[in-house]
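Asker: this is a predicted model, with the sequence first.
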Amino acid sequence: TSQVTSASPFVFIVIIYVLMGFAGSQASGALSSWFDNNWQATMVEDKGNKQYGVFLGKLGMLGYLTNTLVFIPGGILAAIFGRPWVFQFQALLCIIVAFASLQFVRNLPEVEETKQTRPTMDEYLSLLKEGLQFLFSSSYVKYLILGSMLVNSCISVWANLILFPMYYNYLLTDVAVASFRTIVMIPLIVYSERSGVWAKKFDTKKWIPRFRFLQSAGAVFFWIFA
């Protein structure tokens, strides 16, 4: 990505996004599944996973906080050393995080004790079939999942093809864009931390669609930008 310029062939961009898509599919859900398995094995007293929701809210807060703290330094570094250098530095840090994850992300002993043998491909296919059947088991599930897919697809197009050209059309420089993104992200830090606490008080079926609407960073962005 650090080698991309406005003169780069379009097929070069396609190859990058194909690789990103493949990598994303392998990483999707892996960390959250690890958290789920270890929480359920060790926190049996957390009935209904209420405290787990609070924990995930704080985890989301750390994610937004980390993003917010690096925006302005990243913009300044891009202004001083150039964008390619920042992308290359980011890639190096990602490699370090990857190796650190392999070293330190381990199951707790309670999970290791219940560890089962690796499922066969037939078992995976059977699980896939059951998942598809569940998708159409009720209108609520069907519209929730299909709606989430539609929203996420639109957000991907918006974020990658529209958002940043619009940023730079109005704000012109990397530092100005980074500063604006920091301002936009600050409410998300607070909201993410509080969401797990608030969710304990609400009926799941009634409020999941409403929270999903608010959860989208795009929704909050539109309000602030407007």
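Answerer: It's in.

Asker: who are the contact partners of the nearest residue to Phe55 once chain neighbours are set aside?
Answerer: Of all residues not flanking Phe55 in the chain, Gly196 sits nearest, at 6.8 Å (C-beta to C-beta, 6 or more residues apart in numbering). For the C-beta atoms, the positions are set from N, CA and C on the backbone; glycine is no exception. By C-beta atoms under 8 Å, 6 or more residues apart in numbering, the contact set of Gly196 is Gly53, Val54, Phe55, Leu56, Gly57, Lys58, Gly60.

Asker: and the residues you listed, which of them are in helices?
Answerer: The helices, defined by DSSP state H, take in Gly53, Val54, Phe55, Leu56, Gly57, Lys58, Gly60 from these.

Asker: now stretch 113-120: how far from the chain's centre is it?
Answerer: From the chain centre to the centre of stretch 113-120 is a distance of 27 Å (C-alpha atoms, centre = their mean, to the nearest Å).

Asker: span of that stretch from start to end?
Answerer: With C-alpha to C-alpha, to the nearest Å as the measure, stretch 113-120 spans 20 Å from end to end.

Asker: what lies in contact with it?
Answerer: Contacts of stretch 113-120 (C-beta under 8 Å, 6+ apart): Ala41, Asn107, Leu127.

Asker: list just the nearest of the residues you listed to Asp174.
Answerer: Closest approach to Asp174 among these (C-beta to C-beta): Asn107, at 41.1 Å.

Asker: can you pull out the helices in the chain?
Answerer: Remark: helices assigned in the chain by DSSP H are 10-27, 30-42, 50-81, 83-104, 109-113, 121-135, 139-157, 164-171, 174-199, 204-215, 217-225.

Asker: re earlier: for the buried ones among the contacts of stretch 113-120, write the corresponding ChimeraX selection.
Answerer: In ChimeraX syntax, the buried subset of the contacts of stretch 113-120 is picked out as below (16 or more other C-beta atoms under 10 Å):
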select :41
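
Asker: quick one: which of the contacts of stretch 113-120 is nearest to Asn67?
Answerer: Looking across the contacts of stretch 113-120 and measuring by C-beta to C-beta, the closest to Asn67 is Asn107, at 27.7 Å.
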